[in-house]
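In: Quick check, what structure comes out for this input:
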Amino acid sequence: MNPITPENIHRHELIGLNVEIVRALDKQMIGMKGLIVDETKNMLVIDSLKKHSNMDEPHRVRIPKKDCTFRFNLPSGQLVDVEGRLLKLKPENRLKNIIRKRW
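Out: This next block holds a predicted model:
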């Protein structure tokens, strides 16, 4: 598989990437960061740190794709912003598109 680049991120596996929410309809989500641990057609599930007293407590947050713009930190170190509506496919269908385009 080709390495993830800003041009092809929408056709790659997102689980395992670090992400930050840079725009959202719900203003409380803006600035939330974490590691993507699961993905569905409409949601990203991230492990995020929740400030609780003087301690950081990890917790999972479900983020709707269509309402947000995400900033992904690629393995190469590049940062790329992607509108969630471009990712609104089942992960397996997004990955199938890679195989179909190669043949």
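In: Who is the residue nearest to residue 73 when sequence neighbours are not counted paired with across the strands?
Out: Closest residue to residue 73 apart from its sequence neighbours, by CB to CB, 6 or more residues apart in numbering: residue 18 at 4.2 Å. To be clear about C-beta, it is placed using only N, CA and C from the backbone, and glycine gets the same treatment. Assessed by DSSP bridges, residue 18 has beta-bridge partners residue 35, residue 73.
In: Residue 18 against residue 74, yeah?
Out: No: Residue 18 is beyond contact range of residue 74, at 9.2 Å (criterion: CB atoms under 8 Å).
In: Residue 4: helix or strand, and which one exactly?
Out: Per DSSP states H and E: residue 4 is located in neither a helix nor a strand.
In: So residue 92 belongs to a helix, correct?
Out: Yes: counting by DSSP: H, G, I helix; E, B strand; the rest coil, residue 92 is part of a helix.
In: That one: what's it in contact with?
Out: If you count contacts by CB atoms under 8 Å, 6 or more residues apart in numbering, residue 92 has none.
In: pLDDT score assigned to it?
Out: Residue 92 carries a pLDDT value of 75.
In: same thing with the one 3 residues further on?
Out: Residue 95 is assigned 64 on the pLDDT scale.
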